[in-house]
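# Okay, here's the prediction I keep looking at, along with the sequence it came from:
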Protein chains: 2
Amino acid sequence: MAQQHLEPTEPVSGHLGPSPTGDALAGYLRSQATEFLRALRQHRESGGTAAGAEDPVDAARALRRSVRRISASLHTFRPLLDPEWSESLRPELAWLSGTLGMEHGYESRLERLLLALHRLSGAVFPAQPAPVGGGPSAPTASTPDRGNLTVGAAKAGALLDRQLTLARTRAHSTALQALGSSRFHAVADSIAVLASEVPLTRTALSTDLQPLATAAQGRLEDAVSALPLVTAGSPYNAEALIHGLSPDPSPHAQDAPWHQVRLLLRLYRYARETLTSSVDVRLLTAGQCLDRHRDASEAASAAAAAARTPRIAPATAYALGVLHADQRHEVEAARFAFQQCWQKQAVST
Amino acid sequence: MAQQHLEPTEPVSGHLGPSPTGDALAGYLRSQATEFLRALRQHRESGGTAAGAEDPVDAARALRRSVRRISASLHTFRPLLDPEWSESLRPELAWLSGTLGMEHGYESRLERLLLALHRLSGAVFPAQPAPVGGGPSAPTASTPDRGNLTVGAAKAGALLDRQLTLARTRAHSTALQALGSSRFHAVADSIAVLASEVPLTRTALSTDLQPLATAAQGRLEDAVSALPLVTAGSPYNAEALIHGLSPDPSPHAQDAPWHQVRLLLRLYRYARETLTSSVDVRLLTAGQCLDRHRDASEAASAAAAAARTPRIAPATAYALGVLHADQRHEVEAARFAFQQCWQKQAVST
């Protein structure tokens, strides 16, 4: 790969000569705002449905992508931006990003859970229930009960499909409503202005961006150093499933610091984008580990939530229990992968 | 440790000067037979119950211990022993070892499963069900459903306790009956004769034991090389839970080669004992990994079997599903540990 790979603990501007200032920030914000407007036009042309010429899923993803970046810049480079403008826009961007992300979240959660059920049972869900006692390894003894468990896996898949598809449909409606709201139009107007005119402070053009990016890096590194990385680096530590059956209403509070690091890593990654066009592949990889951690954590919660549906069959509940634990193992695996990736960065620096 | 640590791929007699012959085998068999008779006397004095002066559990363990070793010697060093005697005794020893081991098996399986449930829910089973929605992390929102899951864990613990305690009680009775049977007395008589007179073949005293021990080692290494060690050495490979919900009547057929290696490793370990008094700590460790593999595999099966009990509550079934997956994860962890241990041996040889 021809791209430069900067170390996260190395000053970002090290490869760039003079330090970038408010000019670079304004350029970055303008280009993200332009991206936003382009994605919005695409989304409108597609009518928010797959019937249009452009894929509305791609358009929605592009919208979220630019919103996240604008929001991150407002946070990281706050001292360079008009405070009143920036403080009023930030919560609106957070609302928009959250609202637009829900549908995709439910969709990918369902896909992850059905894939896991497929792996666990060798069956296809939910369209094609697993053959009971059939297949190439056909049983030689009578196996009504084990067959039952497979029916359980099929039923679990159907239940998750129902619940998450319903949630996704609602999220889709909510997103469409949001995109038609006056609140959204106000945000879009602000971003349209941003595409041509960035409200910098008077001193912004002479302010070095580097210390602010370094501060973002520092917040990331502090949060990482508070993670239980020694445990995470020991394979099969069985931490992720601890208290998986506890009465605690948030049994996976242990995930929160990892989610926090995920957000801080993203903030730092976007800050780097503002300063340099080079991509730090290892930072990307570490972020992907934390995405996987978040996805598995939420999938495990969805399986547990489905198991609380009244009047489900015991076989369905059993399959959901296996699925929950499987996804919690994925959580643990993602932490291990992050630890390996992060340690590699630290060593090679 | 002052003991010599021999490499498993190194000739066992390398540290001993002249190769041991039938004499050494006879000595080993005599001492194991003596152990057997001592344990049997202890067991009888304790009346087979904990009321006696000697612990019947220890006595039963010592009985099994010597039976396994005599049986292994008959297998590995067959060419040195009277074939008729040896062929008639071997199935009897297998029967005895199996019968005596059942009770301990159920007991340790229950203990492992209750410990795992404890870890998963922070509760004590089965005497003290987990507080619903209580504890230091008391919920701030209403959590009837999560509380339900904890009740599920408690009920799962109670169900396993009932089922495995019943099985253990039956195994205890079966073992007591076996020890009072004429079949057992015939075995005990054979072993009593063995304590003074080992039925060697004419050529045994001039036959080198080393090639036979090496052959046992070869069988072990062949079986290990057929294991999926590359996969096992990659943490979180998620292999052990694959097809955990499949309709296959023996979904964990993947465990069989590992169980087979466990038996071959034990045979080789006992063959080494015949030739040298030194202990190979790493061989012991590898064996412990495979014991853990076997225990977790059987515990996972017991949890799955309990989930097939008719008319259990969905919450109970859910907890058993989580427990099953947890133990399958343990299976995977044990394979990883074995791979690490075995690789270390191979590298240091």
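Thanks, I have the structure now.
# from here on, contacts and neighbour counts on C-alpha atoms
Noted.
# show me where pLDDT drops low in the stretch 151-300 of chain A?
Along the stretch 151-300 of chain A, the model assigns pLDDT under 70 to residues A:247-251.
# roughly how far out does the lengthiest helix in chain A sit from the chain middle?
In chain A, taking DSSP state H as the definition, the longest helix is helix A:83-121. Helix A:83-121 sits 7 Å away from the centroid of its parent chain (C-alpha atoms, centre = their mean, to the nearest Å).
# For A:Ser71, see how far away A:Phe184 is.
15 Å (C-alpha to C-alpha, to the nearest Å).
# so what's A:Ala60 up against?
Listed by C-alpha atoms under 8 Å, 6 or more residues apart in numbering or on different chains, the contact set of A:Ala60 reads A:39-40, A:43, A:100.
# Name the member of those with the most neighbours.
For the contacts of A:Ala60, the largest number of neighbours (other C-alpha atoms under 10 Å in any protein chain shown) sits with A:His43, at 25 neighbours.
# Contact partners for that residue?
Residues near A:His43 by C-alpha under 8 Å, 6+ apart: A:54-56, A:59-60.
# Quick one: end-to-end distance for stretch A:73-93.
One end of stretch A:73-93 sits 12 Å from the other (C-alpha to C-alpha).
# now the helices: where do they sit in the stretch 51-200 of chain A?
Taking DSSP state H, counting those that start in this stretch to define them, one finds helices in the stretch 51-200 of chain A at A:56-76, A:83-121, A:144-179, A:182-194.
# Would you mind giving those as CSV with distance to B:Ser66 added?
As requested, these are exported to CSV (distance: least, C-alpha to C-alpha, whole Å):
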stretch, distance to B:Ser66
helix A:56-76, 68
helix A:83-121, 41
helix A:144-179, 38
helix A:182-194, 80
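# Out of those, flag the one nearest B:His75.
helix A:144-179 (37.0 Å; C-alpha to C-alpha).
# Run the angle between that closest one and helix A:56-76 for me.
Interaxial angle of helix A:144-179 relative to helix A:56-76 (axes from the mean of the first three to the mean of the last three C-alpha atoms, to 10 degrees): 70 degrees.
# quick revisit: and A:Phe184 and A:Ser71? which has more neighbours close in?
Shown here are A:Phe184 and A:Ser71; by other C-alpha under 10 Å, A:Ser71 has more neighbours (21 against 17).
# so how far is A:Val198 from that one?
14 Å.
# Mind listing what's buried along whichever helix or strand A:Asp291 is part of?
In this structure, A:Asp291 sits in helix A:281-307 according to DSSP states H and E. Of all the residues in helix A:281-307, those buried under the rule 16 or more other C-alpha atoms under 10 Å in any protein chain shown are A:282-283, A:286-307.
# now, which of these lie close to chain B?
Applying C-alpha under 8 Å from any C-alpha of the partner chain, the subset of the buried residues of helix A:281-307 adjacent to chain B comprises A:Ala307.
# So for chain A, the centremost residue is which one?
Nearest to the geometric centre of chain A sits A:Asp291, at 5.0 Å (C-alpha atoms, centre = their mean).
# Surely that residue touches A:Val261?
No: taking contacts as C-alpha atoms under 8 Å, A:Asp291 lies outside contact range of A:Val261: 10.6 Å.
# The longest helix of chain A versus helix A:281-307: what angle between them?
Using the same axes, to 10 degrees: helix A:83-121 against helix A:281-307 is 70 degrees.
# report the angle between the axes of helix A:83-121 and helix A:182-194?
Computed by the same axes, to 10 degrees, the angle separating helix A:83-121 from helix A:182-194 equals 110 degrees.
# need the contact list for A:Val322.
The contact partners of A:Val322, by C-alpha under 8 Å, 6+ apart, come to B:318, B:321-325.
# do A:Ala313 as well
Applying C-alpha under 8 Å, 6+ apart to A:Ala313 gives the contacts A:152, B:314.
# For it, give me the pLDDT.
A:Ala313 is assigned 96 on the pLDDT scale.
# how close does it sit to B:Arg308?
12 Å.
# A:Ala186 too?
Going from A:Ala186 to B:Arg308 by C-alpha to C-alpha gives 58 Å.
# before we move on, what about A:Pro20?
Between A:Pro20 and B:Arg308 the computed distance is 66 Å (C-alpha to C-alpha).
# For the stretch 201-349 of chain A, which segments count as helices?
A:210-225, A:229-232, A:256-275, A:281-307, A:314-348.
# got the angle for the longest one vs helix A:256-275?
Calculated by the same axes, to 10 degrees, helix A:314-348 forms an angle of 50 degrees with helix A:256-275.
# tell me which residues in helix A:314-348 are buried?
By 16+ other C-alpha under 10 Å, the buried positions in helix A:314-348 come out as A:314-339, A:341-342, A:345.
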